[in-house]
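**Q** Here's a sequence, model it:
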Amino acid sequence: MPERPEHPAALLALSGVRKSFGAVQALVDGRLELRAGEVHALVGENGAGKSTLVKVLAGVHAPDEGVVALDGEPVFFGGPADARAAGIAVIYQEPTLFPDLSVAENIFMGRQPLRSLRRIDSAAMRERTSELFARLGVRLDPDRPARGLSIADQQLVEIAKAISFDARVLVMDEPTAALSGVEVERLFAVVRSLREAGAAVLFISHRFDEVFALCQRVTVMRDGRWVSTDPTEDLTVGLVVRRMVGREVSQLFPKQETTAGDAVLRVRDLTRVGVFEKVSFDVRAGEIVALAGLVGAGRSEVVRAVFGVDRYDSGEVAVAGERLPRGRPSAAMAAGVALVPEDRRQQGLVMELSIERNATLTRRWSLSRLGLLGPRAEREDAHTWTGRLRVKAGHLADPVSTLSGGNQQKVVLAKWLSTTRRC
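**A** You can find the predicted model right below:
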């Protein structure tokens, strides 16, 4: 077998790519070079332009300027179908499944295997789906409806869908964000096998241990601009962080010395049959408490029960010594409890509403006068908190769906930080 050249030609390349949305310049100088048989990392802060660059690759957005080249030849993708036909598959940060269709139907949407008279061959579709999951090393029922799947399982379905295309270029936009350690290792094994088969893989992640363990080269972006591309062995975490933020960072997450006060949130023997049992913990003023566990361990379910979204069978939740009634989020909010959910699109934001309206959802009554909410009060309050969190947006009246994933998360935080909160 002939040896691969030390620096093979780029399979897919972007140069000088610019993309604006109204007054917002999402990409100013997008550059990227993906080689066959390589896993390439793309890193940057929230709002650096990573998601926009991915959507240019996927044919979702056409660049305003610049060149996209495949096998050295300029190409134009008129839509996602063109990109898929060219062998480019994308696993987005946010799952995009049809909730009322089965797992198998989601994977083969628009390209279902057919029998005679162009009838869908459901048995063949289930069989192929099972083969994909076996390759990923996971167990999911192909006939199960997508509605109700956890974020981790939704992500695995998206990965199986992308792999089913036998793509030459596979783009993974934070695919491990909701996966357990075992699931991440399984995914890495699949990615390595794709690399050995000659695929080019673009891996986007905020987890530096994953980047350095899996990737051969790293491209850094900042404020919509290309900063650098280097072999992984020539980099350190500190150097990558400095390039991402544009300044020296003495410590990535400096821990501050504080003196914890009295217990603000007290949870005792919280139980929901079949989901979690006798969960107890305290959160004191001035401290951060981590609730850890593998995917499926019940972390999200406990938090939702504490906030009152889900009911529990027994136990007690108290804030500042006052017991909260079960299943009443309004009571938790009145007591100063805020919830930032794991699925911001389904549970944290109303995607059709504007940025300013989402940022003020929790304060609509306090901002209104005589029961009427004026646009000025709403806009000023939203401007204050989106400004403090540096949300990158063209206009606050734009739909929140137009923001990048990181900026959407900032809007979720703004919604709660503007309230009087205890925990």
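**Q** Every contact and neighbour count from this point should use C-alpha atoms.
**A** Will do.
**Q** how does this protein divide into domains?
**A** By the record's domain assignment, the chain is partitioned as 10-97+149-245, 260-337, 343-423 (automatic domain parsing).
**Q** The ones you listed into a markdown table, with extra columns for distance to Leu114?
**A** Formatted as a markdown table, those follow (distance: least, CA to CA, whole Å):
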| stretch | distance to Leu114 |
| --- | --- |
| domain 10-97+149-245 | 16 |
| domain 260-337 | 36 |
| domain 343-423 | 33 |
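**Q** and of those domains, who's closest to Arg128?
**A** For the domains of the chain, distance to Arg128 was read as CA to CA. The smallest value, 8.7 Å, belongs to domain 10-97+149-245.
**Q** what separates that closest one from the chain centre, distance-wise?
**A** Distance, stretch centre to chain centre, for domain 10-97+149-245: 13 Å (CA atoms, centre = their mean, to the nearest Å).
**Q** And it, end to end?
**A** 28 Å (CA to CA, to the nearest Å).
**Q** can you check stretch 109-129 too?
**A** Per CA to CA, the first residue of stretch 109-129 is 12 Å away from its last.
**Q** for that stretch, the distance to its chain's centre please.
**A** With CA atoms, centre = their mean as the basis, stretch 109-129 stands 31 Å off its chain's centre.
**Q** now that stretch: mean pLDDT?
**A** Stretch 109-129 shows a mean pLDDT of 90.
**Q** Stretch 208-228 too?
**A** Here the mean pLDDT over stretch 208-228 is 94, rounded to a whole number.
**Q** Let me know how buried Glu352 is, in neighbour terms.
**A** Other residues within reach of Glu352 by the criterion other CA atoms under 10 Å amount to 12.
**Q** What helix or strand is it located in?
**A** When secondary structure is defined using DSSP states H and E, no element contains Glu352, which sits outside every helix and strand.
**Q** Retrieve the pLDDT associated with the residue lying closest to it once chain neighbours are set aside.
**A** Nearest in space to Glu352, with sequence neighbours left out and distances taken as CA to CA, 6 or more residues apart in numbering, is Pro399 at 5.8 Å. As summarised for this prediction, Pro399 has a pLDDT of 90.
**Q** Surely Pro399 and Met351 touch.
**A** Yes - here Pro399 lies in contact with Met351, judged by CA atoms under 8 Å, at a distance of 6.8 Å.
**Q** for the stretch 201-350 of the chain, what spans make up the strands?
**A** Along the stretch 201-350 of the chain, the segments classed as strands by DSSP state E, counting those that start in this stretch run 217-222, 225-231, 263-272, 276-284, 314-319, 322-323.
**Q** And for the stretch 1-150 of the chain?
**A** Shown for the stretch 1-150 of the chain, the strands assigned by DSSP E, counting those that start in this stretch span residues 10-21, 24-35, 38-43, 65-70, 73-74, 88-91.
**Q** Need the ones you listed in TSV (columns: mean neighbour count and distance to Gly405).
**A** Below are those laid out as TSV (neighbours: other CA atoms under 10 Å; distance: least, CA to CA, whole Å):
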stretch	mean neighbour count	distance to Gly405
strand 10-21	19	15
strand 24-35	22	13
strand 38-43	25	14
strand 65-70	18	23
strand 73-74	12	29
strand 88-91	25	14
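**Q** out of those strands, nearest to Leu170?
**A** Put simply, out of these the one that sits nearest Leu170 is strand 88-91, at 5.0 Å, with distance taken as CA to CA.
**Q** circling back: pick out the shakiest of the domains of the chain, pLDDT-wise.
**A** Of all those, domain 343-423 carries the lowest average pLDDT, namely a mean of 85.
**Q** Count residues in the vicinity of the nearest residue to Ser130 once chain neighbours are set aside, would you?
**A** Nearest residue to Ser130 in three dimensions, chain neighbours excluded: Pro142, at 6.7 Å (CA to CA, 6+ apart). Residues within reach of Pro142, counting by other CA under 10 Å, total 21.
**Q** Surely Pro142 touches Arg126?
**A** Yes - with contacts counted by CA under 8 Å, Pro142 reaches Arg126, the gap being 5.7 Å.
**Q** if I look at the two, which residues touch both of them?
**A** Overlap between the neighbourhoods of Pro142 and Arg126 consists of Ala104, taking contacts as CA atoms under 8 Å, 6 or more residues apart in numbering.
**Q** picking that back up, okay if I get the strands of the stretch 201-350 of the chain as CSV plus mean neighbour count and distance to Ser404?
**A** Listed next are the strands of the stretch 201-350 of the chain as CSV, based on neighbours: other CA under 10 Å; distance: least, CA to CA, whole Å:
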stretch, mean neighbour count, distance to Ser404
strand 217-222, 23, 14
strand 225-231, 17, 15
strand 263-272, 19, 33
strand 276-284, 16, 32
strand 314-319, 18, 34
strand 322-323, 14, 38
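**Q** Which one of the ones you listed lies nearest to Leu27?
**A** When these are compared for distance to Leu27 using CA to CA, the nearest one is strand 225-231, at 6.5 Å.
**Q** Distance of Gly78 relative to Pro63?
**A** 11 Å.
**Q** swap in Asp153?
**A** When CA to CA is applied, the distance between Asp153 and Pro63 equals 32 Å.
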